[in-house]
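A.B. asks: coordinates for the following, if possible.
(2 chains)
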Amino acid sequence: MLATAGAAAPSVFSGGATVIAVGVLLIEFWMMRQALLRDQVRLYAAQSALISVLAVVVAAARHLPDLYVLAGLSFALKAVIVPIVLRRLLRGLGARGTSPGWTDIAGSGALSLASTVLIAIVVAAFGFFSVAALGIQSPVLPATALEISVAVVLVAFVLMIMRRDVASQAIGFLSLENGVSLTALVVAAGLPLILEVVFLFDLLVVAVVFGLLIRVHHGRAESLSTADLTSLRG
Amino acid sequence: MSLLVLPIPVVQFLQVATIAAAAPGVSGVIARVEARLQGRAGPRVLQPYFDLGKLFRKEALAPEGSSWVFLAAPLAAMTCYLTVPLLIPVLTTFGLPLGYMGDILGGGFILSLASFAVAVAALETGSPYAQLGASRAKTFSAITEPVVLFVVFTVALVTGTDLPYALAATVRSSAGQIVRPAHLLAAAALFMVILYETGRIPVETHSGTNEFGMIEEARPFEHSGPYFALLRWGSAMKQLILYTILLNVFVAPWGLASTAQAASVLLAIVALLAKAAGLGVVVAVIDNSFAKLRLFKITEFAAAAFLLAVLGVFTLYLGGG
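C.D. replies: As a prediction, this is how the structure comes out:
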């Protein structure tokens, strides 16, 4: 699907939808540079809100009233409730004397930020072009959004691999789910509402479990770093 | 509306003259707005002109042991900055005869040549700060160069040519061309490169006196008198040239003259100055809202710009850009 020289621009709807999808991907990249847990949770909320916006845009343009409900529910859960739950569970995990939410996860990257971004670009490119080669067409959104959503999932993996702290890894997992819901929006916008809702409530369970695991880890190791876990080797 | 039609060479000359005459004023607007945002009265908008006038009247000194290269560099840089406005759409939507001498890459090469001449002159002086500035400027321009290349690739993929006039015409043609992700990403990446190239805040304090953080600003340390004035004027011109490329090619290619009528050319001059002042206000707000990055964090800034530019090319190749 090579864009030919001087190709006609996509329609305003598909251009705008792709821009929103690119925004989701950029937020995923942005998470890599955040040094504060609070900011990472905030970015996760922003990313979730952006996906809800995309759902509303699709609902309006393609006349799928189900999606309004889904967008509202997903906004309430992923942009409001899950961040609040995470912030509650992670309160007080900072070093002694720091205010809650300031939990320092700076410098947990395995490589420098610029190298991480370059690796993530390569991985995202792999996702882009391998999915583009499948030639999946969607009735509701431009196919580019599907390729971008796969890139979001892969970049979330890079985030989880490169950051050596449990908090970033949990946020990476949750934002990976954001990538999956973007995929779902492209290929299965007509999925029965009840299934989507079940997934969303699953996510709430995931957030609580992660929060508890992080607390337990912090209680045992006095830090959020995963470096201490290597001592578990037999 | 008068129907006085200007000869084409006059329009061509006006492109260069507008950039040369207005450049210090744009710097003055930015300095003024920045000061107002900080609650200071700030210098007059015309202050850069007075500074240049004062410097032109002073005597010129050269460090002992420096050769003719030291004195030739400001002239060479100025020549480059006077050449580039011939290549880009400053005032007109239609290409002027000399506008096809070079494409966007050609303009970029000429700007790099100017920066190379200044860097060589800085090395000539033997002064540690000027050399440090030159070495840093060359190092970081090597990592922002790929961003510029990818922005050019985006332009080439969108229009099928890399003439700046073609892209401006494409952007004007429909709303779909404006909201397409490739265009937005390339414009954002170019804006970040411009922040770097003009020595603005996330990269460098523009008016600071802290030598350790200096990149571009450190290079003319040893020049004085008219030569220093030429370098200052040149860097203001470079700023306005880059703003013009961003505004008239990417972000807001409206208000340009489509004929050589005197009235519409005059309107185009006014529109360009208004747009550049508007962009200057945005830059001043950024200057006041962010902290300067540590020198070794500038690679992160460049990586972010590179990410935007590469994503722009990717979305185009996927067919949805």
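A.B. asks: which residues touch the closest residue to A:Phe75 other than its chain neighbours?
C.D. replies: Of all residues not flanking A:Phe75 in the chain, A:Ser52 sits nearest, at 4.0 Å (CB to CB, 6 or more residues apart in numbering or on different chains). Yep, even glycine has a C-beta here, placed from its N, CA and C like the rest. Applying CB atoms under 8 Å, 6 or more residues apart in numbering or on different chains, one finds that A:Ser52 lies in contact with A:Ala71, A:Gly72, A:Ser74, A:Phe75, A:Lys78, A:Ala79.
A.B. asks: most neighbours of all those residues, which one?
C.D. replies: Ranked by neighbour count (other CB atoms under 10 Å in any protein chain shown), the contacts of A:Ser52 have A:Lys78 at the top, with 26 neighbours.
A.B. asks: I'd like to know how many residues surround the closest residue to that one other than its chain neighbours.
C.D. replies: Distances taken as CB to CB, 6+ apart put A:Ser48 closest to A:Lys78, at 3.5 Å, once the chain neighbours are dropped. Residues lying near A:Ser48 (other CB under 10 Å) number 26.
A.B. asks: my guess is A:Ser48 meets A:Ile81, correct?
C.D. replies: No - the pair A:Ser48 / A:Ile81 is not scored as a contact, 10.3 Å apart, by CB atoms under 8 Å.
A.B. asks: okay, now B:Arg44: neighbour count?
C.D. replies: Using other CB under 10 Å: B:Arg44 sits among 12 other residues.
A.B. asks: err, B:Phe290, not the other one
C.D. replies: 12.
A.B. asks: quick revisit: now tabulate the contacts of A:Ser52 in a markdown table and tack on secondary structure, distance to B:Leu279 and pLDDT.
C.D. replies: Formatted as a markdown table, the contacts of A:Ser52 follow (DSSP: H, G, I helix; E, B strand; the rest coil; distance: CB to CB, whole Å; pLDDT from 0 to 100):
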| residue | secondary structure | distance to B:Leu279 | pLDDT |
| --- | --- | --- | --- |
| A:Ala71 | helix | 36 | 90 |
| A:Gly72 | helix | 39 | 92 |
| A:Ser74 | helix | 37 | 90 |
| A:Phe75 | helix | 35 | 93 |
| A:Lys78 | helix | 36 | 90 |
| A:Ala79 | helix | 33 | 92 |
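A.B. asks: out of those, which comes closest to chain B?
C.D. replies: A:Ala71 (20.7 Å; CB to the nearest CB).
A.B. asks: which residues are in contact with the residue lying closest to the closest one once chain neighbours are set aside?
C.D. replies: Using CB to CB, 6+ apart and skipping residues adjacent in sequence, the residue nearest A:Ala71 is A:Ala55, 3.7 Å away. The contact partners of A:Ala55, by CB under 8 Å, 6+ apart, come to A:Leu67, A:Tyr68, A:Leu70, A:Ala71, A:Ser74, A:Leu185.
A.B. asks: ok, the second one touching A:Val56?
C.D. replies: What it means is A:Tyr68. Yes - using CB under 8 Å, A:Tyr68 is in contact with A:Val56, at 6.7 Å.
A.B. asks: hang on, the earlier thing: from the contacts of A:Ser52, which is closest to B:Thr161?
C.D. replies: B:Thr161 has its nearest neighbour among the contacts of A:Ser52 in A:Ala71, at 41.3 Å by CB to CB.
A.B. asks: now do the strands in chain B.
C.D. replies: For chain B, strands defined by DSSP state E do not occur.
A.B. asks: any weak-confidence spans in it?
C.D. replies: Within chain B, the stretches falling below the threshold (pLDDT under 70) are B:1-2, B:207-213, B:320-321.
A.B. asks: how does it look with 80?
C.D. replies: B:1-3, B:162, B:205-217, B:319-321 (pLDDT under 80).
A.B. asks: go ahead and flag the most central residue of it.
C.D. replies: Centroid check for chain B by CA atoms, centre = their mean gives B:Leu242 as the closest residue, at 2.6 Å.
A.B. asks: let me see the contact set for residue 71.
C.D. replies: No chain was given, so I picked chain A. Applying CB under 8 Å, 6+ apart, we find A:Ala71 in contact with A:Ser52, A:Val53, A:Ala55, A:Val56, A:Ala59.
A.B. asks: correction: the question concerned chain B.
C.D. replies: With CB under 8 Å, 6+ apart, B:Leu71 has these contacts: B:Ala60, B:Ala62, B:Tyr227.
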